[in-house]
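K.L.:
Model the following, please.
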Amino acid sequence: MGLIKVKERLLVRRNVLVEVHDVRTGRLLHSERGSNKVVAAGLAGIALATAGDVTQSPQYLGAGTGTTAITLGDTSLENEVGSRVLLGSTTGSGYVGSFKGMFGSSELNGNALSNVGLFDSVSGTNLLSAYILATIVDKTTSISLTISWTWAFENA
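P.N.:
A predicted model of the protein is given here:
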């Protein structure tokens, strides 16, 4: 029996939405969309999930003050200043996974936030995906920060 060579390509679209709201009025103060980077541990987590192992799935949101470009080999956020449990994750129509987290008015105050990431544990064990903010967010008690990720998979 011979081997069959299959040439399939999988395209992963990964997008992030960052929103800053006034906590008193709820008014949207800033919004930006971008394409984040899935790092090696994130790619491994996706591969493990196809075999039913979700131990490296996104569970936590982290934020930091670093501005260095994200690379495939990154294992943590640069200058991480805090993390929290994701508010939720969902699967949508087709092959889409969404993850959402928020830092409220009492969290990370006094920091100039410039990067965010998804982790598989609160200790920052495995950085799965990260994004460098186009606009630095000076975190104070008067604002909240909501980050939403969408990973979509399709044949390329």
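K.L.:
what are the ranges of the strands in this structure?
P.N.:
For the chain, the strands defined by DSSP state E cover 10-22, 28-35, 37-38, 60-64, 80-85, 88-92, 96-103, 112-119, 127-138, 143-155.
K.L.:
tell me what the shortest one is packed against?
P.N.:
What it means is strand 37-38. In terms of contacts (3 or more Cβ pairs under 8 Å, 6 or more residues apart in numbering; DSSP states H and E), strand 37-38 is packed against strand 10-22, strand 127-138. Using the backbone N, CA and C atoms, a C-beta is placed for each residue, glycine as well.
K.L.:
wait, which of those is closest to Trp149?
P.N.:
Among the helices and strands packed on strand 37-38, the nearest to Trp149 by Cβ to Cβ is strand 10-22 (5.2 Å).
K.L.:
what mean pLDDT would you report for that closest one?
P.N.:
Per-residue pLDDT over strand 10-22 has a mean of 83.
K.L.:
How about stretch 89-104?
P.N.:
Computed over stretch 89-104, the mean pLDDT rounds to 80.
K.L.:
How about stretch 118-132?
P.N.:
According to the model, stretch 118-132 has a mean pLDDT of 82.
K.L.:
ok, now stretch 69-80?
P.N.:
Mean predicted lDDT for stretch 69-80 stands at 93.
K.L.:
Quick check: buried residues in that stretch?
P.N.:
Neighbour counts over stretch 69-80 (16 or more other Cβ atoms under 10 Å) mark Ile70, Asp74, Ser76, Leu77, Glu78, Asn79, Glu80 as buried.
K.L.:
Can you pick out the ones from these that are in helices?
P.N.:
Residues from these lying in helices, with DSSP state H as the criterion: none.
K.L.:
how about those in CSV, adding distance to Gln59?
P.N.:
Formatted as CSV, these follow (distance: Cβ to Cβ, whole Å):
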residue, distance to Gln59
Ile70, 19
Asp74, 18
Ser76, 15
Leu77, 15
Glu78, 21
Asn79, 21
Glu80, 15
